[in-house]
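**Q** here are the coordinates; sequence isn't available:
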């Protein structure tokens, strides 16, 4: 067996691995991430390195290959742990080791560190006074200015202050150093991305019985050395953050560290402020809008043990903590926890792997847990704790369901139903605020009937058909993106025969224009990807709304996630169906979560809130569940649907995406891979697709997709391995990408 060893862990050296033979005596102990000692270079200097990959294929002549000397027995370093995580990501999600490593070592390149230079006197004060008089006699104005300034500042100043305040240039400082009057010391200065988070004093809240039960249960387990995983299932406004703070206090008191994952950069400011009130400077943040220098410095601070809590979106999961004790995933149901790029890793699964590796616990928190977490708690894999009461006196909102079919019959063709128009006017009169949200940005591709609410679905997969436009921009065909089944766009609704059948689409900008016409005096803010670019884009819009600079906030999903606006008493989902009928088996789950989150934004203060949900399908179990605020009704219906159609989390599923240089090359490769999987594991798997109709051209390559379903994840990983080996042996001119579940 042979090991690819990296001797320099810096990101620039990721590709520079060296192959060594694994001696028989070490075969059982060498694994990916193992710290090893190896002979290196002509002089065989003994260097430390990490094992990146293990293979039975030698890269060059074995006679010339050196052997690994030893495997370090000491505790695996944080670099070793991160390499193990990279190995896990590669094996589970199907990427190269290099892609996985660039994910877990997120600093793209070595950034120059910032140093503070301090000027200090090199002699006693009385000697300094004598030298000052001598300089005054010789009219050395700059030297006199600097010494007087240093005496006034207590004997030490920064090089920057000498320059800005006293106009002292480098040659003057160098001259005084040469004469032995002053010394210059250097101190590493970290770029601080949190300078703008102003923290007021933390007021410790009294926990209610449910919160206390969770905190005590966790502390008891932790002190007994039990490292469990927990689901904190708390309705919106029930005080989950307060629980997180107490759990972290338990962990930090034991000398350990914590990672807090949040789904959106937009939530960072609010979350970090709360945590800094309690833990002060020991809290830091990592996210994509920091500069390269800021990211590098936070990474270094964490590695050097100068930070105890790291907050951020999914990349914060790879913080190089040596003493990790707890990972908290807030709003764990959010889809942003699944990476969009390769490798398409799932943060919850990687967090569980890292926690096991570090002997830590994971807490999943949500008002609307993912179906996956709900099932894990039901089966006893997570310990579930519920928070059913809102903090303080806040009451749950009143929910109005509007049937848009009835609005059409009443000749109301506006996107705002009659009751919503009435409620918005009431809010404007009372000087209260309204939030209107659209479930997605841009063009929604499903087709529905405005008369009866029927959504055209695939007869094979039970997901909505997607509208495809022709060259003149008209919808002329419907295609299922799961199995490829295609049909022509009907002229009338197949259910009721109405001609009011069309592709469903609505954008934030369009809504803003309509609103301005309807309520000309209203002050309106829009929040979507177009209005929030830049480092503090999200906070700019949210802060303006929080401080009463607008009456109505229109936005996409980001406005209903985790924000606390006491003066918001009306929230409306303009078109609940937009996310409910996306061509994705998770569309019902996402809609339920969004609508429950949205209803949680109304009435956070003393005033009771109201929620208006506009839909063509008021009888759908998602809408029923939200109306009744009955989550169990939703989860049981949804799990029955997933079991019946073999979707996760009841089954494991692999998406296989193939891209070829020509339609024929892609199709040939896709069908060959499908055949390989069926020949080896036909009894244990179900394969859906590929279909020629779903070929997409992207960047001059033709893409095909198919799905493999199996009862166990192990079978899916086997399928992935069979396909990888098949690609290597046949050397297809195609690129293959996998996505799990």
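**A** That came through, no problem. Computed from a predicted structure; not experimentally measured.
**Q** where are the low-confidence patches of the stretch 501-650 of the chain?
**A** 504-507, 528-539, 560-564, 603-606 (pLDDT under 70).
**Q** swap the cut-off to 90 and go again
**A** Low-confidence segments of the stretch 501-650 of the chain (pLDDT under 90): 501-514, 525-549, 555-568, 574-585, 587, 594-609, 616, 629.
**Q** and the strands in it?
**A** In the stretch 501-650 of the chain, the strands defined using DSSP state E, counting those that start in this stretch lie at 501-503, 524-527, 552-555, 568-573, 610-615.
**Q** identify whichever of the ones you listed lies nearest to residue 681.
**A** strand 501-503 (38.9 Å; Cβ to Cβ). (C-beta placed from N, C-alpha, C; glycine too.)
**Q** relative to that closest one, what are the paired strands and their orientations?
**A** Strand pairing for strand 501-503, using DSSP bridges, gives strand 447-449 (antiparallel).
**Q** what comes up buried for the next helix or strand after the partner strand?
**A** The C-terminal neighbour of strand 447-449 among helices and strands, as given by DSSP states H and E, is strand 466-469. Buried residues in strand 466-469, defined by neighbour count with 16 or more other Cβ atoms under 10 Å: 466, 467.
**Q** strand 466-469 packs against which elements?
**A** In terms of contacts (3 or more Cβ pairs under 8 Å, 6 or more residues apart in numbering; DSSP states H and E), strand 466-469 is packed against strand 475-479.
**Q** what's residue 61 sitting at in phi/psi?
**A** Residue 61 has phi and psi values of phi -60, psi 120 when expressed as degrees, to the nearest 10.
**Q** please apply the same query to residue 179.
**A** The phi and psi values for residue 179, taken as degrees, to the nearest 10, are phi -80, psi -10.
**Q** and for it, the neighbour number?
**A** Using other Cβ atoms under 10 Å, residue 179 has 11 other residues around it.
**Q** again with residue 24
**A** Neighbourhood size, residue 24 [other Cβ under 10 Å]: 8.
**Q** local confidence estimate at it?
**A** On the pLDDT scale, residue 24 is placed at 92.
**Q** and if you look at the one 5 residues further on?
**A** pLDDT, the model's per-residue confidence, is 88 for residue 29.
**Q** that one is in what secondary structure piece?
**A** Going by DSSP H and E, residue 29 is not in any helix or strand.
**Q** got phi/psi on residue 49?
**A** Backbone torsions of residue 49, given as degrees, to the nearest 10, read phi -150, psi -180.
**Q** try the one 10 residues further on
**A** Note on residue 59: its backbone torsions stand at phi -80, psi -20 [degrees, to the nearest 10].
**Q** low-confidence ranges in the stretch 251-400 of the chain?
**A** Along the stretch 251-400 of the chain, segments meeting pLDDT under 90 span 263-278, 280-306, 313, 315, 334-336, 340-343, 367, 388-398.
**Q** just the strands in it please.
**A** Listed in chain order, the strands found in the stretch 251-400 of the chain under DSSP E, counting those that start in this stretch are 257-261, 283-285, 309-312, 324-330, 361-366, 383-387, 398-403.
**Q** got the ones you listed as CSV, with distance to residue 226 and mean neighbour count columns?
**A** Formatted as CSV, the strands of the stretch 251-400 of the chain follow (distance: least, Cβ to Cβ, whole Å; neighbours: other Cβ atoms under 10 Å):
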stretch, distance to residue 226, mean neighbour count
strand 257-261, 17, 26
strand 283-285, 27, 26
strand 309-312, 22, 26
strand 324-330, 13, 25
strand 361-366, 9, 25
strand 383-387, 10, 19
strand 398-403, 40, 17
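**Q** as TSV, the ones you listed with distance to residue 249 would be great.
**A** Formatted as TSV, these follow (distance: least, Cβ to Cβ, whole Å):
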stretch	distance to residue 249
strand 257-261	10
strand 283-285	13
strand 309-312	10
strand 324-330	10
strand 361-366	14
strand 383-387	17
strand 398-403	37
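**Q** what's the burial count for residue 16?
**A** 10.
**Q** on that earlier part again, turn the strands of the stretch 501-650 of the chain into a markdown table, including mean neighbour count.
**A** Rendered in a markdown table, the data for the strands of the stretch 501-650 of the chain read as follows (neighbours: other Cβ atoms under 10 Å):
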| stretch | mean neighbour count |
| --- | --- |
| strand 501-503 | 18 |
| strand 524-527 | 20 |
| strand 552-555 | 24 |
| strand 568-573 | 26 |
| strand 610-615 | 24 |
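**Q** close enough to count as contact, residue 488 and residue 476?
**A** Yes: if you go by Cβ atoms under 8 Å, residue 488 and residue 476 touch, sitting 7.0 Å apart.
**Q** the more surrounded of the two?
**A** Between residue 488 and residue 476, counted using other Cβ under 10 Å, residue 476 has the larger neighbour count: 12 against 8.
**Q** that one and residue 123, how far apart?
**A** Distance from residue 476 to residue 123, counting by Cβ to Cβ, to the nearest Å: 88 Å.
**Q** is the closest residue to residue 232 other than its chain neighbours in a bridge, and if so with what?
**A** Among residues not flanking residue 232 along the chain, residue 365 sits closest, at 4.3 Å (Cβ to Cβ, 6 or more residues apart in numbering). For residue 365, the beta-bridge partners under DSSP bridges are residue 232, residue 330.
**Q** for residue 365, list the residues it contacts.
**A** 231, 232, 234, 240, 243, 244, 328, 329, 330, 331, 332 (Cβ atoms under 8 Å, 6 or more residues apart in numbering).
**Q** do I have it right that the first one meets residue 381?
**A** Right, residue 231. No: with contact defined as Cβ under 8 Å, residue 231 does not count as touching residue 381 (9.4 Å).
**Q** so for these two, which residue has more residues nearby?
**A** Of the pair residue 231 and residue 381, residue 231 is the one with more neighbours under other Cβ under 10 Å, namely 24 against 13.
**Q** could you report the pLDDT at that one?
**A** Per-residue pLDDT puts residue 231 at 97.
**Q** quick one: the strands in the stretch 1-150 of the chain?
**A** 2-6, 17-21, 35-40, 45-55, 70-71, 114-121.
**Q** report how many residues lie close to residue 67.
**A** Using other Cβ under 10 Å, residue 67 has 13 neighbouring residues.
**Q** and if you look at residue 66?
**A** Neighbours of residue 66 under the rule other Cβ under 10 Å: 14.
**Q** same check, this time on residue 183
**A** A count of neighbours around residue 183, defined by other Cβ under 10 Å, yields 14.
**Q** please confirm that it is located within a helix.
**A** No: Residue 183: not assigned to a helix; according to DSSP: H, G, I helix; E, B strand; the rest coil it is strand.
**Q** begin at 560 from here
**A** In the new count, where the first residue is 560, that last one comes out as residue 742.
**Q** do you know the pLDDT at the closest residue in space to it that isn't next to it in sequence?
**A** Take residue 742 and drop its neighbours on the chain: the residue closest to it by Cβ to Cβ, 6+ apart is residue 681, 4.8 Å away. For residue 681, the model assigns a pLDDT of 88.
**Q** does residue 1074 touch residue 1113 like I think?
**A** Yes: here residue 1074 reaches residue 1113: they are 6.8 Å apart, a contact under Cβ under 8 Å.
**Q** which neighbours do the two share?
**A** Common contacts of residue 1074 and residue 1113, defined by Cβ under 8 Å, 6+ apart, comprise 995, 1083.
**Q** could you report the separation of the closest residue to residue 1192 other than its chain neighbours from residue 927?
**A** Excluding its sequence neighbours, the residue lying closest to residue 1192 (Cβ to Cβ, 6+ apart) is residue 1184, at 4.6 Å. Note on residue 1184: its distance to residue 927, by Cβ to Cβ, is 10 Å.
**Q** between the two, point out the one with more neighbours.
**A** With neighbours defined as other Cβ under 10 Å, residue 1184 and residue 927 compare such that residue 927 has more, 26 against 22.
**Q** quick one: average pLDDT of stretch 657-677?
**A** pLDDT averaged over stretch 657-677 gives 69.
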